[in-house]
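Asks: the following comprises the amino acid sequence and a computationally predicted model.
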Amino acid sequence: MRKAFLQEQHREGVRLFKSIEMLADQGMGSAAITAEPSAPASAFSGPIIEKIWPGLLTGKMEQWREYLAQIDWVPDLGRNIGSFTWFRGLATLVLLCGFALSLFPEFGPISGHSKAALTGLHADRARSQMITPLAYGADTGIRMAATDAVRPLAQSPERPYVELIATLGQGDSLRRVLQRAGIADSEAGEVTNLISEAISLDEIKPGTKIDVTLGRRASQNQPRPLDQMAFRARFDLNLEIQRSGGQLKLNRQPIMVDNTPLRVKGVVGTSLYRSARAAGAPAGAVQKFLQVIGKKMSVSRDIRATDEFDIILDYRRAETGEVEVGDLLYAGIERDGKMKAQMLKWTSGGRSNWFEASGVGQSRGELVRPTRGRLTSRYGMRRHPILRYKRMHSGMDFGGGYGSPIYAVTDGTVAYAGRKGGYGKYVKLKHSGSLASGYAHMSRIAVRNGTRVRKGQIIGYIGSTGLSTGPHLHYELYRNGRTINPNSVKFVERAALNGKELARFKDELQRLRNVTPGAALGSLKSASNNQEPQREINRIEKTSIS
């Protein structure tokens, strides 16, 4: 009966516990377990509570689950910064990061099983099955013990010959290279003399590879004799030295070389540099072309997209396949069939310069510093340190130690060298374009009257001769005999060809202009391969018939 009653009450929604809202309404003192007014008190005895307790726990867990589900454990940390929810999200982030780092794996090599090295009989059996050179200790078959027929050698046999490659280094000599290769001093001297008869030793470039073959020596305390030596002595020459009948003989092997210049022509287009590179001109040659043309006209303003560029380079090809690209020889710009610029590289008076088609050359550049000392006094009015009154200082003073070198600011001729009043020991150089330079207070003069000097050549040494308070250089620059400020001058030299030299210049210009573009890239017929290759069967048949 009781069981049926409880089931009925449960179906009708008997409330065995008060909710939080009911406790709040009735006050904190109410803690008794009550039921609906119609339910008898005997219905709440001990056995009934024991059966209802598991359902009570399930309800509590569901309430906690709902409570925890309503909590935002991962709030947006960019909002409500500083609130309780924000700090709770930060704590969650820190805990998750810490947990993830605690599970971070350790990376390292996986230790595997290493086999023990073979020794004894197992090593001999494995070595007999290897495929390695005999020089490295390999053998064939099962290793056998020595018998009475085996006799020990008094000494190990030498190799019949030794082949090696020697390299000529920068600043090295051919004789020292041969000596380091193991050739005796006497033979190295003999080889050097033979080679010097065919070519100057200075023409052999650093980095040249020399193939050397050394023969058998008579005893171990003697150097090996030279049997053969071969190397590329020059771009157009191979040299070979062989021993024949106990004597060393030199064999010259000339290499056919084609010296046809490389000519590249094309339309300027949107970019002169890119068009020339696309036509096949090397990058260095195009840059030099722009520099040379820039002396005649403005590359950015005066050259049009429809103009044609003309580049001619020094170019050499050997029959062995090597190629040497030399310097720029000719630079031209053509517009509507007429030449706007023609510049040819020409050597005159020991100096190479770029000349126009008319034979007029021009070189520009600043004057070099006459000495390495610091500038102590400029050009202009100043109070003289000795005379004690203000007057014009017609030059520039450079400090320096006693005996420091003085250099010519540019090419010129010595117009005067000697003592000159307050200047002391003085040198005056005459340059082209009505320019001249003077150098005063020298301790010693290093040039003589009428001699030709080059740019940067030492013409004297700093001193304190004449009207001077200490060792220094007084430097002056003249134009038409009058002093000018050296800082206001950029040297411009113009040279003109005439007579026979001008005729040779015109002939060379015409020869280069007659070169066909791309002719240097044609096939080169080898002098050593004039005959067509013959099949081996044809050689055998020819031999049998004869």
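Replies: Ah, there it is. Residues are numbered from 1 along each chain as shown.
Asks: element containing Phe231?
Replies: strand 226-234 (DSSP states H and E).
Asks: and for that strand, what's in contact with it?
Replies: 161, 178, 183, 187, 191, 195, 198-199, 203-204, 208-215, 238-243, 248 (CB atoms under 8 Å, 6 or more residues apart in numbering). Where you see a C-beta, it was placed from the backbone N, CA and C, and this is true even at glycine.
Asks: can you pull the buried residues of the helix or strand following it?
Replies: Sequence-wise, the next helix or strand downstream of strand 226-234 (DSSP H and E) is strand 237-244. For strand 237-244, the neighbour count (16 or more other CB atoms under 10 Å) marks Leu239, Ile241, Arg243 as buried.
Asks: reformat those as CSV; add distance to Gly266 and pLDDT.
Replies: Formatted as CSV, the buried residues of strand 237-244 follow (distance: CB to CB, whole Å; pLDDT from 0 to 100):
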residue, distance to Gly266, pLDDT
Leu239, 41, 92
Ile241, 48, 91
Arg243, 55, 90
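Asks: now, which of the residues you listed sits nearest Arg125?
Replies: Taking CB to CB as the measure, Arg243 is the one of the buried residues of strand 237-244 closest to Arg125, at 47.4 Å.
Asks: look up the closest residue to that closest one, ignoring the ones flanking it.
Replies: Distance criterion CB to CB, 6 or more residues apart in numbering; nearest residue to Arg243, sequence neighbours excluded, is Asp227 at 5.2 Å.
Asks: the one you found and Lys338, how far apart?
Replies: Asp227 sits 65 Å away from Lys338, going by CB to CB, to the nearest Å.
Asks: between these two, who's got more neighbours?
Replies: Applying other CB atoms under 10 Å to Asp227 and Lys338 shows that Asp227 carries more neighbours, namely 18 against 6.
Asks: which stretches of the stretch 301-450 of the chain form strands?
Replies: Ranges of strands in the stretch 301-450 of the chain, per DSSP state E, counting those that start in this stretch, are 308-318, 323-335, 338-348, 351-356, 360-365, 375-377, 380-383, 390-393, 396-399, 405-407, 412-419, 425-430, 435-445.
Asks: TSV for the ones you listed, including distance to Arg79 and mean pLDDT?
Replies: Formatted as TSV, the strands of the stretch 301-450 of the chain follow (distance: least, CB to CB, whole Å; pLDDT from 0 to 100):
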stretch	distance to Arg79	mean pLDDT
strand 308-318	68	91
strand 323-335	70	90
strand 338-348	73	86
strand 351-356	75	80
strand 360-365	71	58
strand 375-377	69	82
strand 380-383	74	67
strand 390-393	78	69
strand 396-399	73	88
strand 405-407	77	92
strand 412-419	84	92
strand 425-430	84	93
strand 435-445	81	92
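Asks: before we move on, back to that, strand partners (parallel or antiparallel) of the strand holding Phe231?
Replies: Strand pairing for strand 226-234, determined by DSSP bridges: strand 209-214 (antiparallel), strand 237-244 (antiparallel).
Asks: show the average pLDDT along the shortest one.
Replies: It refers to strand 209-214. For strand 209-214, mean pLDDT rounds to 92.
Asks: ok, now stretch 455-473?
Replies: Averaged over stretch 455-473, pLDDT sits at 88.
Asks: which parts of the chain are helices?
Replies: For the chain, the helices defined by DSSP state H occupy 2-11, 20-26, 46-70, 84-102, 120-127, 174-180, 185-198, 272-278, 283-294, 499-513, 536-545.
Asks: format those helices as CSV; extra columns: mean pLDDT, mean neighbour count and distance to Asp76.
Replies: Compiled in CSV, the helices of the chain are given as follows (pLDDT from 0 to 100; neighbours: other CB atoms under 10 Å; distance: least, CB to CB, whole Å):
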stretch, mean pLDDT, mean neighbour count, distance to Asp76
helix 2-11, 48, 12, 46
helix 20-26, 45, 10, 32
helix 46-70, 72, 10, 17
helix 84-102, 87, 12, 8
helix 120-127, 75, 11, 70
helix 174-180, 90, 18, 78
helix 185-198, 90, 15, 87
helix 272-278, 92, 17, 55
helix 283-294, 90, 17, 58
helix 499-513, 87, 13, 79
helix 536-545, 46, 9, 88
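Asks: closest one to Tyr407 among those?
Replies: helix 283-294 (25.6 Å).
Asks: and the closest one with strand 351-356, angle?
Replies: Interaxial angle of helix 283-294 relative to strand 351-356 (axes from the mean of the first three to the mean of the last three CA atoms, to 10 degrees): 60 degrees.
Asks: what's helix 283-294 packed up against?
Replies: Contacting helix 283-294 under the criterion 3 or more CB pairs under 8 Å, 6 or more residues apart in numbering; DSSP states H and E are the following elements: helix 272-278, strand 308-318, strand 323-335, strand 338-348.
Asks: what's it in contact with?
Replies: So helix 283-294 is contacted by 272-273, 276-277, 281, 299, 303, 309, 311, 313, 325, 327-328, 331, 333, 341, 343, 354 (CB under 8 Å, 6+ apart).
Asks: stretch 100-110 now?
Replies: If you take CB under 8 Å, 6+ apart as the criterion, stretch 100-110 is touched by no other residue.
Asks: can you point out the buried residues in it?
Replies: Going by 16+ other CB under 10 Å, stretch 100-110 has no buried residues at all.
Asks: for that stretch, what is the distance to the chain centroid?
Replies: Offset of stretch 100-110 from its chain centre (CA atoms, centre = their mean, to the nearest Å): 42 Å.
Asks: which one of the helices and strands packed on helix 283-294 has the most crowded surroundings?
Replies: strand 308-318 (a mean of 20; mean count of other CB atoms under 10 Å).
Asks: partners of that strand in the sheet?
Replies: For strand 308-318, pairing defined by DSSP bridges yields strand 257-258 (antiparallel), strand 262-267 (antiparallel), strand 323-335 (antiparallel).
Asks: for that strand, list the C-alpha coordinates in CSV.
Replies: C-alpha atoms of strand 308-318 as CSV (Å, rounded to 0.1, in the frame of the first residue of the first chain):
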residue,chain,number,x,y,z
GLU,A,308,70.2,52.9,-84.0
PHE,A,309,73.2,52.0,-81.8
ASP,A,310,76.4,50.6,-83.2
ILE,A,311,78.8,48.7,-80.8
ILE,A,312,82.1,47.1,-81.9
LEU,A,313,84.1,45.1,-79.5
ASP,A,314,87.5,43.4,-79.6
TYR,A,315,86.7,39.7,-79.9
ARG,A,316,88.9,36.6,-80.4
ARG,A,317,88.0,33.0,-80.9
ALA,A,318,90.3,30.0,-80.8
